[in-house]
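Q: I'd like to go over a predicted model; first the sequence, then the structure.
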Amino acid sequence: MAGAISVAAEWQMLHNRYYRKPEIYKMKWKHIDLSRNKVACALYGGPIAVIRDDSKIVQLYAESALRKLRIFNSAGVHLAETVWRNPGGRLVALSWTDDLTLICIVQDGTIYRYNIHAELIEPSVSLGKECFEHSVVECVFWGNGVVCMNEGFQFFCVPDFKNLGRDGAGVVKLADPLLEAPPLCMAVIEPKYTMSGNVEVLIAVEDHVLLVDEDGVQQVGAGVGPLQKIVVSRDGKYLASFTHDGRLLVITTDFSSIIFEFSCESALPPEHLAWCGLDSVLLFWDDSLLMVGPYGDPVRYYYDEPIVLISECDGVRVLSNSNMEFVQRVPDSTVSIFTIGSTTPAALLYDALDHFDKRSAKADENLRMIRSSLPEAIEACIDAAGYEFDVARQQTLLRAASYGQAFCSDVPRDRFQEMCKTLRVLNAVRNPDIGISLSIQQYKELTAPILIGRLINAHQHFLALRLSEYLGLSQELVLMHWACTRITCSESMPDSALLSSLLEKLKLCKGIDYARVAEHADKSNRRKLAASLVEHEPCSSKQVPLMLSIEQEDTALSKAIESGDTDLVYFVLFHLLQKAVEPTLEFFGMIQSKPLARDLYIAYSRCYNHEDLKNFFLSAGQLQEVAFLLWKESWELSKNPMASNATSPHGKRIKAIEKARDLFAETKEHIFESKAADEHAKLLRMQQDLEVSTKQAIFVDSSISDTIRTCIVLGNHRAAMKVRTEFKVSEKRWYWLKVFALATIRDWVALEKFSKEKKPPIGYKPFVEACIDANEKNEALKYIPKLTEPGERAEAYARIGMAKEAADAAAQSKDSELLGRLRLTFSQNTAATALFDTLERLGKETKPQPPPFSSTNNDNHHNKHAHTTTYLPGTTAADADHDATFVNVQSTAK
């Protein structure tokens, strides 16, 4: 138990809770005085940035007058440094972001960013014009953001440094609190803890506090001040403040209630005020660190050197010139084991191990005493081991847990194994050379992937790789970052040797992104190395763009084609086209030998760029394809009249067609297309002349037949004959066109005269149809008798409603099927139906013989007998003047 007594002797009691302040590191830096420097410490045991404070008058001793920005790890091991030469005035503040970017803000509002290796990250950005004109005087940082106040007492917020651009882009101006004097102090409530989701700034003014955000200013906490210092707790719920009369107030952030109040011995505001977890508050004056809790007397620590307090999620790191300490509440599991005189199962188990090591029978007695509580004791020992920074004590506690497990089969082994794995990781990164002083709670909050990312950024690649392998995480990111760093640091190493070195390590991880490594090599002006690396990239979508960036266009096109991804092929083609401004013979030659690329280029150019496509076809000797394009362009010109010349609106079209004709004529296989193009050009030229002469835009783009018909309709028979002669229109087509054209304008005299010029080569049926279509039955009767086929006459008579004449003609044709159709046509007329029924019956009873009513007998029959006339549907009284429109009912009856 002597070991337990020595452990508990280091603790301090604050009311009913123990606190301890173990030393984590003895600082390895030399000649660093925190009081002469501005210091920024990253959370989670991150690096420390130190730069001489130019707002103080200090003695230089033997050091250079040039200020240096130095970066150390938490153990004071020097990592990097750089001379501070940045313009913009005095350095106002500096702080680390969550991703370990050092933010330095100077008076004129310029923000300089550095990585962990003290390398300036370009470009520098600005808080905007108002901060430039009225210097920045104070800054309050949180996570990845900052709130700044300028000399005009205006407040500006950067919610996220990742979204910050030049000239103030990404900077939000908060509402103007209309201050006439500087505030006593200010603090920030992070956006994730506010109702609005925006940052809120607490400004102590006189005896109250102003809450400022983007939307307005609100007065809160009237009568609590004046407040000299304000600090917000990590969960954003509480506010620790130091008043002008030396009181420490802990208040809720909405100022609804005071949690507790403590009167300090001094009314001077402390140099530092910080939360220690959520249980207590630390205040530091010149030589005294005071810990105050809600109950009981405070705990006081004394220092003879300046310190810096860094609040963590589970305590406070105390940085001094000589060491790094960690103030934290002692975990309950540790208290149960190491409290003096403790008889808890965990303490007895720990004591049993001590007796076991001494070969004492007391070990067995202790185990029998706690047999029912053994699982609880084992869990407490495992948990206490996780909170220890001392490796020997960790081992002892884990041995105690293991010793207990030997006598308890109910305890799962996973918890023990997981703790061993966690402690191995923590002990590895706590090594002073690494200098990341994480507690187990900080490690859980930070997470293993982020920890490995921090190791990578610190160029601790070997440890990061081993931890990734040990924790079962992907090693790809580690190896890629190592490869990029190796390329950067190996400027004098030959490409071949460097390539072998890189591939030897990169092949350890499957699926490595060679393209990103190759891209870094290209940016490092090692294009040959980049070309060699990108050959190992299996993903074409990553490989091809990089090949284009290193000007390996032909290889990139081949790889894109091999992938079968048409989008990727198009990507290469567009890159080549954009680079060359306009396609060249070299480009045409490149795609000509690659069918897929050639076909895709042709398909694209057909839709969007005919000129380049014509050049491609000309380079390939495909004249007929150029001709087809010209012909297509001629039609597109017809859709865009504005592109044509007013004096010769279709001149461009005609020229394009004539060019196509000449190109078609160059090849024997396209004689037909050449003649067609020639005739098209002639027709278009004639149509243009006709439109000019008639002053009617109705000819262009119509067919030859339509052109002839339109000329006849307009009475321009000479032009119609010219078109007929020019294009060798056949006589039959000419008759068809003229017949229907004359019928369209209802020039029946001209139609009859045209029919008598000579025997029509198309017969008289078109004449009949034209008249019937024009609803001129009387005109149709002029031509129906001239039809040579009885069936045609029958159908013609039927169309104009003359049933008897239709029946006579049908009887002559001896076509029973025709009679049936005609009977259906006149089904609404009883007399006509009876007539067709008689004809059908006679046709069945007798052999084929001359029809009972010839045209001659029909005429005699009409002359010899009196008639009773019945009009068929569709006939009129005017039709009765022609003997052909009635039905002889008497003869039907017979």
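A: Perfect, I can see it now. Numbers count the residues shown, from 1 in each chain.

Q: where does residue 295 fall, phi/psi-wise?
A: Note on residue 295: backbone dihedrals following degrees, to the nearest 10 are phi -130, psi 160.

Q: that one against residue 13, yeah?
A: No - contact criterion Cβ atoms under 8 Å: residue 295 and residue 13 do not qualify, at 11.3 Å. Every C-beta, even on glycine, is put in place using the N, C-alpha and C of the backbone.

Q: of these two, who's got more company?
A: Per other Cβ atoms under 10 Å, whichever of residue 295 and residue 13 has more neighbours is residue 13, with 12 against 9.

Q: tell me the predicted confidence for that one.
A: The per-residue pLDDT reported for residue 13 equals 92.

Q: now it: how far from residue 340?
A: Separation of residue 13 from residue 340 (Cβ to Cβ, to the nearest Å) stands at 12 Å.

Q: quick one: residues contacting the residue lying closest to residue 346 once chain neighbours are set aside.
A: In space, residue 346 comes closest to residue 380 once its chain neighbours are excluded; the distance is 3.5 Å by Cβ to Cβ, 6 or more residues apart in numbering. Neighbour list for residue 380: 333, 336-337, 344-346 [criterion: Cβ atoms under 8 Å, 6 or more residues apart in numbering].

Q: check the residues you listed and tell me the two furthest apart.
A: 333 and 345 (11.4 Å; Cβ to Cβ).

Q: the more surrounded of those two?
A: More neighbours surround residue 345 than the other of residue 333 and residue 345, with 25 against 20 (other Cβ under 10 Å).

Q: can I assume residue 234 is in contact with residue 316?
A: No - Residue 234 lies out of contact with residue 316 (Cβ under 8 Å); the separation is 11.0 Å.

Q: higher neighbour count, these two?
A: residue 316 (23 against 16).

Q: before we move on, the earlier item: what's the helix or strand for the residue nearest to residue 346?
A: Assigned by DSSP states H and E, residue 380 belongs to helix 374-387.

Q: starting at the chain centroid, how far to the helix or strand just after that helix?
A: For helix 374-387, the succeeding helix or strand toward the C-terminus, using DSSP H and E, is helix 391-405. Between the centre of helix 391-405 and the centre of its chain there are 52 Å (Cα atoms, centre = their mean, to the nearest Å).

Q: again with stretch 265-276
A: So, by Cα atoms, centre = their mean, the centroid of stretch 265-276 is 50 Å from its chain's centroid.

Q: quick one: end-to-end distance for it.
A: End-to-end span of stretch 265-276 (Cα to Cα, to the nearest Å): 20 Å.

Q: buried ones in that stretch, by neighbour count?
A: The neighbour-count check on stretch 265-276 (16 or more other Cβ atoms under 10 Å) flags 269-270, 272-276 as buried.

Q: got it, and stretch 595-610?
A: Under 16+ other Cβ under 10 Å, the buried positions of stretch 595-610 are 597-598, 600-601, 604-605, 609-610.

Q: neighbouring contacts of that stretch?
A: 557, 560-561, 566, 569-570, 572-573, 590-592, 612-613, 616, 629, 632-633.

Q: what's the mean pLDDT across it?
A: In this model, stretch 595-610 has an average pLDDT of 80.

Q: hmm, back to that, so can I have CSV of the buried residues of stretch 595-610 showing distance to residue 805 and secondary structure?
A: Converted to CSV, the buried residues of stretch 595-610 look like this (distance: Cβ to Cβ, whole Å; DSSP: H, G, I helix; E, B strand; the rest coil):
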residue, distance to residue 805, secondary structure
597, 74, helix
598, 70, helix
600, 69, helix
601, 70, helix
604, 67, helix
605, 66, helix
609, 67, coil
610, 63, helix
